[in-house]
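Trainee: pasting the structure only:
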């Protein structure tokens, strides 16, 4: 016996593809973003110095990954 078809050719209820985050998740994300922005403003990062240091940041990451644990 065939199951009844719903509009759009789907059989039965479908799970939602995206669930909205909970209120707790939103509070944590907004709090993290606020602390991140406050930290950036407190450090007073200049864009020109950040761009000039990209090579050094790449070198640092290249030396750190993968870590030599032995």
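Mentor: Perfect, thanks for sending it. Remember, it's a predicted structure, so these values are computed and weren't measured experimentally.
Trainee: how near is residue 61 to residue 47?
Mentor: For residue 61, the distance to residue 47 equals 20 Å [C-beta to C-beta, to the nearest Å]. For the C-beta atoms, the positions are set from N, CA and C on the backbone; glycine is no exception.
Trainee: for residue 27, same thing?
Mentor: For residue 27, the distance to residue 47 - C-beta to C-beta - is 31 Å.
Trainee: And these two? Which one has more around it.
Mentor: Legend: neighbour count by other C-beta atoms under 10 Å for residue 27 and residue 47, higher for residue 27 (11 against 7).
Trainee: Do you know the pLDDT at the more buried one?
Mentor: Per-residue confidence (pLDDT) for residue 27: 97.
Trainee: Now it: phi and psi?
Mentor: Phi and psi for residue 27, reported as degrees, to the nearest 10, are phi -60, psi -40.
Trainee: Grab the most central residue of the protein for me.
Mentor: With distances taken as C-alpha atoms, centre = their mean, the residue of the chain nearest its centroid is residue 29 (9.9 Å).
Trainee: Now do the phi/psi pair for it.
Mentor: The phi/psi pair for residue 29 (degrees, to the nearest 10) is phi -60, psi -40.
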